[in-house]
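>>> below are the sequence and a predicted model; questions follow.
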Amino acid sequence: MTLDLNEIRQQITNIDRSLLKLLSERHRLAFDVVRSKEVTQKSLRDLEREQQLLKELIEYSESQDYQLEAQYITDIFQKIIEDSVVTQQVYLQKKLNDQKGKNIRIAFLGKKGSYSHLAACNYAIRYQKQLIEVSCNSFDEVFHKVEKEEADYAVLPLENTTSGAINEVYDLLQHTELSLVGEIAYPIKHCLLINGESDLEKIDSLYSHPQVIQQCSQFIHKLDSVHIEYCESSSHAMELVANLNKPNIAALGNADGGRIYGLNVLCSNIANQLNNITRFIVIAKKPAIVSPQIHTKTLLLMSTSQQAGALVDALLVFKKHNINMLKLESRPIYGKPWEEMFYLEIEANIHNPKTEIVFNELKEYSNYLKILGCYPSEIIKPVSLDS
Ligand SMILES: O=C(O)C(=O)C[C@]1(C(=O)O)C=C[C@@H](O)C=C1
């Protein structure tokens, strides 16, 4: 006898609601955990506990014959643990830094629906704030809004897993007095968006931001000779396409943004890489204080002398002090042909006295050294079960 699909779906809905209730209870426990850790000053992350928890859950599931794959259990609980860690981090950071009240003004590139806008919304939600949107036409303007105190924060893309570094933002960081205070990893899901009905064969013009065009290059190559129209942002592109209202013109952007402009999705997941993620940075006028209990990153700006091995000597300071370097980028220095400015992202908290010793040593090997900011790592790396 086959069961009625509607009845099965009702059972699924009921189970999903019970799961949600349990997830909410677990989420609330994160606040108890962090309050207890405030007293003991323990690190928020305890990798041994996470490993033990995952191993025990897999063993328990096997002993009960639940028929759930170990990888499935691991994936789900890593996501749950990530929520717990982020909840605890936000709790501590709000206590240390929050002076801005319920509303925060965030400057970002583009209009409503741009990826920067979506990342800004994400940041505001994470910190339980009401977002006041400060929409800008260029990265330069985004920086200026915070410098002129017309915005409390700016959210800017720094790198993407497909197209790499956003050089313009790196260059602007060279000349700013603002500080990096946070980061957000936002999944970028590009779609081909059209007005009303159309099909792919009819599309001969694509509108979007150069970064988006680059990230979808393989999809675009497969189309027959399309004209590319570069726009200030993907949201400008979506708005233009909505106003032009022609069956041969499409925008590349995200589905949520498209909805704002009344556009329909013709093709989804069109980025060269399925795992297309942009790391956004959050900048503010005042540096952030980061709790020593949080996994922290620091971004440094450094130039070295033009002598052989100068950069290697500087980097050896990190090795000597067992500081992990996460990223090394270089950009030209304006007015000094062939000289490079280095951007170093390290796992360190500038409020730790040990870090000060490291920076003092680093100064011996550099011509110029500046701290661009110290911020909680909001990219929570899942614990490995193999170690
Ligand atoms: O048990 C803790 O110390 C927690 O913070 C909770 C929890 C979890 O969600 O299970 C989260 C982070 C830690 O790395 C370990 C476990």
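Looks like it arrived, so ask away.

>>> quick one: stretch 371-378 near the ligand?
No - for a cut-off given as Cβ under 6 Å from any ligand atom, stretch 371-378 has no contacts with the ligand; the smallest distance is 13.2 Å. Where you see a C-beta, it was placed from the backbone N, CA and C, and this is true even at glycine.

>>> stretch 92-106 now?
No - if you take Cβ under 6 Å from any ligand atom as the test, stretch 92-106 misses the ligand, and the best it gets is 11.8 Å.

>>> what's in contact with that stretch?
When contacts are defined by Cβ atoms under 8 Å, 6 or more residues apart in numbering, stretch 92-106 is touched by residues 34, 38, 44, 120, 123-124, 127-134, 150-155, 181, 288-291, 293-294, 376.

>>> switch to 7 Å and redo it
Defining contact as Cβ atoms under 7 Å, 6 or more residues apart in numbering, one finds that stretch 92-106 is touched by 34, 120, 123-124, 127, 129-134, 151-155, 288-289, 291, 293-294, 376.

>>> buried among the residues you listed? Make that a ChimeraX selection.
Applying 16 or more other Cβ atoms under 10 Å to the contacts of stretch 92-106, the buried members can be selected in ChimeraX as follows:
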select :34,120,123,124,127,129,131,134,151,152,153,154,155,288,291,293,294,376
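
>>> which of the contacts of stretch 92-106 fall within helices?
Counting by DSSP state H, the contacts of stretch 92-106 place 34, 120, 123-124 in helices.

>>> which among these gets closest to Leu192?
Ala120 (24.4 Å; Cβ to Cβ).

>>> got the contact list for that closest one?
106, 108, 131, 155.

>>> closest one to Ile166 out of those, please.
Once Cβ to Cβ is applied, the member of the contacts of Ala120 that ends up nearest Ile166 is Val155, at 12.4 Å.

>>> rewinding a little: can I get the ones in helices among the contacts of stretch 92-106 in a markdown table including distance to the ligand and pLDDT?
What follows is these, written out as a markdown table (distance: Cβ to the nearest ligand atom, whole Å; pLDDT from 0 to 100):
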| residue | distance to the ligand | pLDDT |
| --- | --- | --- |
| Val34 | 7 | 98 |
| Ala120 | 27 | 96 |
| Tyr123 | 21 | 94 |
| Ala124 | 24 | 95 |
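
>>> and the two most separated of these?
Farthest pair in those (Cβ to Cβ) is Val34 and Ala120. Separation: 25.2 Å.

>>> for Phe318, which non-adjacent residue is closest in space?
Take Phe318 and drop its neighbours on the chain: the residue closest to it by Cβ to Cβ, 6 or more residues apart in numbering is Met325, 5.4 Å away.

>>> check contacts around the one you found.
Listed by Cβ under 7 Å, 6+ apart, the contact set of Met325 reads 315, 318, 344, 346.

>>> which SS state does the second one fall under?
Three-state secondary structure (criterion: DSSP: H, G, I helix; E, B strand; the rest coil) places Phe318 in helix.

>>> wait, Ser116 sits on Ala107?
No - Ser116 is beyond contact range of Ala107, at 9.1 Å (criterion: Cβ atoms under 7 Å).

>>> mind checking how far Pro376 is from the ligand?
Pro376 sits 14 Å away from the ligand, going by Cβ to the nearest ligand atom, to the nearest Å.

>>> shouldn't that residue be in contact with Gln293?
No - using Cβ under 7 Å, Pro376 makes no contact with Gln293, being 9.9 Å away.

>>> which ones among the contacts of Ala120 lie within strands?
Taking DSSP state E, the ones among the contacts of Ala120 that sit in strands are 106, 108, 131, 155.

>>> now, among those residues, which is nearest to Lys336?
Using Cβ to Cβ, those come closest to Lys336 at Val155, 30.4 Å.

>>> run through the bridge partners of that closest one.
With DSSP bridges as the criterion, Val155 is bridged to Val282.

>>> so where's this structure uncertain?
By pLDDT under 70, the low-scoring segments of the chain are 387.

>>> in what helix or strand does the residue in it that the ligand sits nearest to lie?
Minimum separation of the chain from the ligand (Cβ to the nearest ligand atom) falls at Ser84, amounting to 3.2 Å. Counting by DSSP states H and E, the element that carries Ser84 is helix 70-97.

>>> just the buried positions in that helix, please.
73-74, 77-78, 81, 84-93, 97.

>>> distance between it and the chain's centre?
15 Å (Cα atoms, centre = their mean, to the nearest Å).

>>> now swap in stretch 218-236 and tell me
24 Å.

>>> can you tell me what sits against it?
Here stretch 218-236 has contacts from 109-115, 117, 137, 203-210, 212-213, 237, 240, 252-253, 257, 270, 272, using Cβ under 7 Å, 6+ apart.

>>> please save the CA atoms from it in CSV.
The C-alpha coordinates for stretch 218-236 follow below in CSV (Å, rounded to 0.1, in the frame of the first residue of the first chain):
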residue,chain,number,x,y,z
GLN,A,218,33.1,30.2,-19.0
PHE,A,219,29.3,30.5,-19.2
ILE,A,220,29.7,33.7,-21.4
HIS,A,221,32.2,32.0,-23.8
LYS,A,222,29.6,29.3,-24.5
LEU,A,223,27.1,32.0,-25.7
ASP,A,224,27.3,33.2,-29.3
SER,A,225,29.1,36.6,-29.6
VAL,A,226,27.3,38.6,-26.9
HIS,A,227,28.0,42.3,-26.3
ILE,A,228,29.2,43.0,-22.8
GLU,A,229,28.1,46.2,-21.1
TYR,A,230,30.2,47.0,-18.0
CYS,A,231,28.3,48.6,-15.2
GLU,A,232,29.2,50.2,-11.9
SER,A,233,27.7,47.3,-10.0
SER,A,234,25.5,44.3,-10.6
SER,A,235,22.6,46.2,-9.0
HIS,A,236,23.0,49.1,-11.5
